[in-house]
Every structure is written in C-alpha cells, then in structure tokens.
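> sequence first, predicted model second:
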Amino acid sequence: MGCFWGAERLLWKQEGVYSTQVGYSGGYTANPTYQDVCTGMRQGKDMGTSYRSVIYTYSEEQLEQAQASRDQYQKVLAEEGHSPITTEIAEAKEFYYAEDYHQQYLYKNPDGYCGLGGTGVSCPIGIKR
C-alpha cells in the first residue's frame, strides 16, 4: 500500500479497531529508521525497499484467507481492465515500530500527504448481496 499513514487511517474507520501502530517489516535492516528505508523501490512519491504492497499472516488460516481474497479480487480487477495484483503474501516477519512522529500521523497532520487512491473496484469478499 505504500505509505503506512493512509493504510492506518483506513483501519481507523473499521468497526472493532481500537488501536493502530505503524512500522517496518520485511526489510534487511534490524530496527530501521525512516531514513534507512527511503532508498530503492518507489510507490507514488514514496521511495524505499519497504514501499511495496504486502500482507503478512500469522497462521495458515490467515494465509489461505489472504490468498483467496487476492484470487477473487484479481478476477473483478481483470474484468475492469486492471493489471495483475503484485501484493506479496507471506508469513509475518519481525516488526519494528516506526518513529513516534509517524504514529497516527494523519490524525496529527490531517492535510498530510497520502498517496492511496484505490482502483474504484470493490473486493467481492465481505460485500453483502
């Protein structure tokens, strides 16, 4: 999803979510800082090896659910002419909290940058028909 601020803000709006924390996972540096991850890959204005879409799972059931949602969503995305999903799905890695100024950043800075735009296509899982 790129910027974790926007993903965090989306989670605030979900029923049952009471707390969020943003951070880094899946990179090569233990306990990285924002500056450590700001090199290499890019999503929108964001750059760094950590700027890629990934779902980390904590159980076999979560892995299967993530793969099923990807597969079902890919079908409707393809029907609308979108590219293949490139999100990595993997077992959870070590998680490192981001710096305090990144936590709830868009709450503290409501007009702060967020590159999440979406596709305009809803994932069919979870939609009541």
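Here it is on my side, so go on. Numbering: from 1, shown residues only.
> pull out the buried positions in the helix or strand hosting Q74.
Here Q74, judged by DSSP states H and E, is contained in helix 60-79. Neighbour counts over helix 60-79 (16 or more other CB atoms under 10 Å) mark L63, A66, S69, R70, Y73, Q74, L77 as buried. To be clear about C-beta, it is placed using only N, CA and C from the backbone, and glycine gets the same treatment.
> ranges for the helices of the protein?
4-12, 34-37, 60-79, 105-108 (DSSP state H).
> shaky segments in the chain?
1-3, 39-52, 126-129 (pLDDT under 70).
> ok, now which ones touch the residue nearest to Y105 when sequence neighbours are not counted?
Leaving aside its sequence neighbours, Y105 sits nearest to W5 (CB to CB, 6 or more residues apart in numbering; 4.5 Å). Residues in contact with W5, defined by CB atoms under 8 Å, 6 or more residues apart in numbering, are V22, H102, Y105, L106, G112, Y113, C114.
> just give me the neighbour total for the closest residue to L10 other than its chain neighbours.
Leaving aside its chain neighbours, L10 sits nearest to L116 (7.3 Å; criterion: CB to CB, 6+ apart). Around L116 there are 14 other residues, counting by other CB atoms under 10 Å.
> from now on call the first residue 17
Got it, the first residue is 17 from now on, which makes the last one we talked about L132.
> in this structure L132 contacts E24, no?
No. With contact defined as CB atoms under 8 Å, L132 and E24 do not form a contacting pair (10.4 Å).
> if we can go back for a sec, can you give me the distance of the residue nearest to L26 to E31?
L132 sits 20 Å away from E31, taking CB to CB, to the nearest Å as the criterion.
> and S75, by the same measure?
As judged by CB to CB, S75 and E31 stand 22 Å apart.
> with neighbour numbers in mind, choose between the two.
S75 (10 against 4).
> angles on the backbone of the more buried one, please.
When read as degrees, to the nearest 10, the backbone of S75 gives phi -160, psi 170.
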